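K.L.:
Need a 3D model of the sequence below.
(chains A and B)
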Amino acid sequence: MGLFQQPVGIVTPLLSVEGASKEFYSRGKKVLALDSASLSVHEGEFVTIVGPSGCGKSTLLNLIVGLLPLSSGRILFRDRAVNGINPEIGYITQKDNLLPWRTLAQNVEIALEIRGVEKSERREQAEELIERVGLKDFEDHYPHELSGGMRQRANIIRTLIYDPDLILMDEPFGPLDAQTRIVLQEQLLSLWTTTKKTIIFITHDLVEAIALADRVVVMTSRPGRVKRVAGVPIARPRDIYQIHQSQEFRSVYESLWKELKPEVKMAGE
Amino acid sequence: MIGRGRLYLYRFLFGLFLLVSWELSSGRFIDPFWISSPSRVFGYLWEVTSDGSIFAHLAITLYETFTGFFIGSLTGIGFGFLLARKEILAQVLDPFIVAFNGIPRIALAPIFIIWFGIGPNSKIILVVIVVFFLTFFNTYSGVKGVDIELKNILRIMGASERQILWKVTIPATVPWITTGLKLSVPYALVGAVVGEFIAASKGLGYLINYNTSLFSTTGAFGGILVLALIVVLCNEVIERTEAYLLRWRPREETRSQGELY
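P.N.:
Residues are numbered from 1 along each chain as shown, chains lettered A, B, ... in the order given. Below you'll find the predicted structure:
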């Protein structure tokens, strides 16, 4: 199937999605949102998923984290079938979803608070991450006092702080302007390089998908299916500001755009 | 926006304007028998304050209002949370709540007086009923309206349902509860006073009613002025508490320009 391009050895994947399908009922009609999608992700990998809007990308993430039950197929995390919400998986949504009544630092700390980590220790860890993403002087600000980019950074580090094994990101930079996006992409890559987390990142922007990923998954328009999985043979560390100009980038882009274009057209019709 | 000092000055001037117009109309355009006058009313208030006779009435009305307010708001908030979290119970009770809420509270007052006597208890019950529904409906809508995504985010982080209640549902409902409480204060006072109108031997409502029956508009306006003062003071306390509890919310004037994008 060309899906398992990682060296298939004794290593079992961290996550394996096998023929996952999801149906919804909308106005009494059955709608197939995701059609037997298969995908496996190994420890430490950065996988991006691109597809036209409404192709079931977010549905796939909701299935992986266990917010929605599968209609058919199965999803294994560390060889165990996903059954209900899995707190070993972090989920970063497009909307920042910060709690408006908590300051930036209190928002970043919340997962540690839930785990009963002592106040001074969680404040220390939060401050370290806050400083790394350049929000040092905004710790005591409430979300409404922060810009969209700042809120999204806070959203990302409040998931990193509790160190989940797998992090799902659903178009986290979608609502941001182009310049802020690049800054945040570069910060994300640097955080990923030091923490070596496993990330599944959804976007509708092919440039972003290639720039960040080890492998790019292209999905079809509704009902969403995995159309192609391609490795990105660009060396790391990558310079996110320059990467678009390299020859390797262009060739990956062209071959993937050929796959994505008809889907985008179809979704637009 | 204007400065705080200037705001209070303007308010003071407007109040003065009202009193002066009242004073000047009285005796010139309208017979003081009907509308009394500020000087007469303040004279009366001075008299009943210095001989201490108003305090017994004031104390009983405040006692009825606040006891009823606390019982009514606590049960209203508690019941609001309970029903918002027990879907089936809410569906079963819905028509009964709507029907009960539709009854004019005043219509219940005579029955409560039959049941609980002419003392403060019948008024307290009336206030409880008034405050209960206001806080109940607000709390219920607040809990129902909590963003499911916020709750899911915390679930994914591994929070228990109890933690979600304390860290998401309750703080998200606070603005709704304070709105309910703010609405309740004047209605609580109305409940107590109306109860006293119907049958009582003490209280500001009784005092106003008694003065009116003697055609003393001065005494009636005196009582009314005291009631108005109570409402303003209570409202001030609640607004300050609300401002503190909701300090995380964008203020109206900063919302448009203050967001840094």
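
K.L.:
can we go C-alpha only for contacts and neighbour counts from here?
P.N.:
Will do.

K.L.:
what about B:Gly158, which SS state?
P.N.:
Assigned with DSSP: H, G, I helix; E, B strand; the rest coil, B:Gly158 falls in the coil class.

K.L.:
Can I take it that B:Tyr140 is in a helix?
P.N.:
Yes. Using three-state DSSP, the secondary structure at B:Tyr140 is a helix.

K.L.:
So it sits against B:Ala84, correct?
P.N.:
Yes. The pair B:Tyr140 / B:Ala84 is scored as a contact, 5.5 Å apart, by CA atoms under 8 Å.

K.L.:
Neighbour count: these two, which is higher?
P.N.:
A side-by-side neighbour count of B:Tyr140 and B:Ala84, using other CA atoms under 10 Å in any protein chain shown, places B:Tyr140 first with 24 against 18.

K.L.:
Report the spatially nearest residue to that one, omitting neighbours in sequence.
P.N.:
On the basis of CA to CA, 6 or more residues apart in numbering or on different chains, the spatially nearest residue to B:Tyr140 that is not a chain neighbour turns out to be B:Gly80, at 4.3 Å.

K.L.:
ok, so what distance separates that neighbour from B:Thr65?
P.N.:
Separation of B:Gly80 from B:Thr65 (CA to CA, to the nearest Å): 21 Å.

K.L.:
what about those two, which has more around it?
P.N.:
Each of B:Gly80 and B:Thr65 had its neighbours counted (other CA under 10 Å), and the higher figure belongs to B:Thr65 (28 against 25).

K.L.:
Strands along the stretch 101-250 of chain A, start to end?
P.N.:
Secondary structure of the stretch 101-250 of chain A, counting by DSSP state E, counting those that start in this stretch: strands at A:166-170, A:198-203, A:215-219, A:226-231.

K.L.:
Just send the ones you listed back as JSON lines, with mean pLDDT and distance to chain B too.
P.N.:
As requested, the strands of the stretch 101-250 of chain A are exported to JSON lines (pLDDT from 0 to 100; distance: least, CA to the nearest CA, whole Å):
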{"stretch": "strand A:166-170", "mean pLDDT": "95", "distance to chain B": "11"}
{"stretch": "strand A:198-203", "mean pLDDT": "94", "distance to chain B": "16"}
{"stretch": "strand A:215-219", "mean pLDDT": "94", "distance to chain B": "24"}
{"stretch": "strand A:226-231", "mean pLDDT": "90", "distance to chain B": "26"}
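
K.L.:
can you redo those as CSV with distance to A:Ala105 and mean neighbour count?
P.N.:
Below are the strands of the stretch 101-250 of chain A laid out as CSV (distance: least, CA to CA, whole Å; neighbours: other CA atoms under 10 Å in any protein chain shown):
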stretch, distance to A:Ala105, mean neighbour count
strand A:166-170, 21, 23
strand A:198-203, 24, 24
strand A:215-219, 34, 25
strand A:226-231, 37, 18
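
K.L.:
Can you add distance to A:Ile182 and give these back as CSV?
P.N.:
What follows is the strands of the stretch 101-250 of chain A, written out as CSV (distance: least, CA to CA, whole Å):
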stretch, distance to A:Ile182
strand A:166-170, 16
strand A:198-203, 14
strand A:215-219, 18
strand A:226-231, 22
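
K.L.:
closest to B:Gly222 out of these?
P.N.:
When the strands of the stretch 101-250 of chain A are compared for distance to B:Gly222 using CA to CA, the nearest one is strand A:166-170, at 64.9 Å.

K.L.:
quick one: strands adjacent to the closest one?
P.N.:
Paired with strand A:166-170 in the same sheet, following DSSP bridges, are strand A:89-92 (parallel), strand A:198-203 (parallel).

K.L.:
Could I have the CA atoms of the shortest one written out in CSV?
P.N.:
As requested, the backbone C-alpha atoms of strand A:89-92 are provided in CSV (Å, rounded to 0.1, in the frame of the first residue of the first chain):
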residue,chain,number,x,y,z
ILE,A,89,-2.1,12.0,23.7
GLY,A,90,-1.9,15.8,23.6
TYR,A,91,-4.3,17.7,21.4
ILE,A,92,-3.6,21.3,20.2
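
K.L.:
Can you tell me what sits against that strand?
P.N.:
The list of residues contacting strand A:89-92 from outside it, by CA atoms under 8 Å, 6 or more residues apart in numbering or on different chains, reads A:65, A:155-156, A:159-160, A:164-170, A:172, B:153, B:156-157.

K.L.:
Taking the residues you listed, tell me the two that lie furthest apart.
P.N.:
Among those, the pair separated by the greatest distance (CA to CA) is A:Asp165 and A:Pro172, at 18.5 Å.

K.L.:
more crowded one of the two?
P.N.:
More neighbours sit around A:Pro172 than around the other of A:Asp165 and A:Pro172, counting by other CA under 10 Å; the figures are 24 against 18.

K.L.:
Contacts only, for the more buried one.
P.N.:
Neighbouring residues of A:Pro172 by CA under 8 Å, 6+ apart: A:92-96, A:152.

K.L.:
Kindly reformat these as CSV and extend each row with distance to A:Gln242.
P.N.:
Putting the contacts of A:Pro172 into CSV (distance: CA to CA, whole Å) gives the following:
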residue, distance to A:Gln242
A:Ile92, 26
A:Thr93, 27
A:Gln94, 26
A:Lys95, 28
A:Asp96, 28
A:Gln152, 23
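
K.L.:
correct me, but A:Lys22 touches A:Asp35?
P.N.:
Yes. Taking CA under 8 Å as the definition, A:Lys22 is a contact partner of A:Asp35 at 6.8 Å.

K.L.:
State the distance from A:Ala178 to chain B.
P.N.:
Here A:Ala178 is placed at a distance of 13 Å from chain B (CA to the nearest CA, to the nearest Å).

K.L.:
Counting neighbours, which bits of the longest helix seen in chain A end up buried?
P.N.:
Of all the elements of type helix in chain A, the one with the most residues (DSSP state H) is helix A:247-268. Buried residues in helix A:247-268, counting neighbours by 16 or more other CA atoms under 10 Å in any protein chain shown, are found at A:249, A:252-253, A:256-257, A:259-260, A:263-264, A:267.
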